[in-house]
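In: just coords:
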């Protein structure tokens, strides 16, 4: 497992690029803000990294299957809900393996993001893994409900270890986009309102291993939110350059 998380070293003596994680409930504007920051900082050599799983898009594609799609989609959604609900049991080995497989996908994307830090001047992450709220919200999928046997218990333990290793790599800055459930639902009417409420409530609980977090009110107009986030990242870069120059002067 250690080989999965070897941190890339900067070329020569160059430190890894700063990492900014954009997090928040669905409807808070994570992807839009992250894309805007990358576009704004294109001349600075910014790079975009997506650390989500895209399960919502996959679910919509399944529901679009002829005849059987809606039924299959509902069944899979029910199993996923059961797996992430505290006090419930993981619904079978197949479901556990599927969830674990998605976690391995996140690990692969995380490694690719880490490699970007050796090539870019700054990396903007859409989402970031966490272990504060298991079961959903980019957290370990097998650690909210109860394993149904030794194998699923082993998978759950191994998956949690994967997430612990990921969150041990602290972002330079976490921008937390806060939004109320009603506003989020007005922006994402195809989403489950109950799940949106859970994510809104869980947002304040995320600590990302005590990384630096700055809260932004995402219920404001998008242009205002983008401007605030751009200012935060610009100040981060200024601070990084200043610290780098001070380090060089001290070394000399």
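Out: Noted; the coordinates are in hand. Predicted model, so just to flag it, every value in this text is computed and none were measured. Numbers count the residues shown, from 1 in each chain.
In: going forward, measure contacts between C-alpha atoms and count neighbours the same way
Out: OK.
In: how long is stretch 35-48 end to end?
Out: This stretch, stretch 35-48, spans 7 Å end to end (CA to CA, to the nearest Å).
In: that one: which residues count as buried?
Out: Residues of stretch 35-48 classed as buried under the neighbour-count rule (16 or more other CA atoms under 10 Å) are 35-38, 41, 46-48.
In: among the residues you listed, which ones are in strands?
Out: Counted as lying in strands by DSSP state E, out of these, are 46-48.
In: with pLDDT added, can I get the buried residues of stretch 35-48 in a markdown table?
Out: Formatted as a markdown table, the buried residues of stretch 35-48 follow (pLDDT from 0 to 100):
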| residue | pLDDT |
| --- | --- |
| 35 | 96 |
| 36 | 96 |
| 37 | 97 |
| 38 | 95 |
| 41 | 93 |
| 46 | 94 |
| 47 | 96 |
| 48 | 96 |
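In: between these, which is closest to residue 149?
Out: Minimum distance to residue 149 across the buried residues of stretch 35-48 is 39.4 Å, recorded for residue 48 (CA to CA).
In: count the residues that sit near the closest residue to that closest one other than its chain neighbours.
Out: What sits nearest to residue 48 in space, not counting adjacent residues and going by CA to CA, 6 or more residues apart in numbering, is residue 124, at 5.0 Å. For residue 124, the count of nearby residues is 27 (other CA atoms under 10 Å).
In: isn't residue 124 up against residue 32?
Out: No. Residue 124 is beyond contact range of residue 32, at 11.7 Å (criterion: CA atoms under 8 Å).
In: where does pLDDT dip in the stretch 51-200 of the chain?
Out: Along the stretch 51-200 of the chain, segments meeting pLDDT under 70 span 54-91.
In: would you map the helices across it?
Out: With DSSP state H, counting those that start in this stretch, the ranges of helices along the stretch 51-200 of the chain come out as 55-63, 69-83, 93-116, 150-167, 181-187, 193-203.
In: relative to residue 226, which of those helices is closest?
Out: helix 181-187 (16.4 Å).
In: who's in contact with the closest one?
Out: With contact meaning CA atoms under 8 Å, 6 or more residues apart in numbering, helix 181-187 is reached by 25-28, 191, 193, 196-197, 200, 219.
In: related to what we said a few turns ago, in JSON lines: the helices of the stretch 51-200 of the chain, plus mean neighbour count and distance to residue 231.
Out: Converted to JSON lines, these look like this (neighbours: other CA atoms under 10 Å; distance: least, CA to CA, whole Å):
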{"stretch": "helix 55-63", "mean neighbour count": "13", "distance to residue 231": "31"}
{"stretch": "helix 69-83", "mean neighbour count": "16", "distance to residue 231": "38"}
{"stretch": "helix 93-116", "mean neighbour count": "18", "distance to residue 231": "23"}
{"stretch": "helix 150-167", "mean neighbour count": "17", "distance to residue 231": "26"}
{"stretch": "helix 181-187", "mean neighbour count": "17", "distance to residue 231": "24"}
{"stretch": "helix 193-203", "mean neighbour count": "17", "distance to residue 231": "22"}
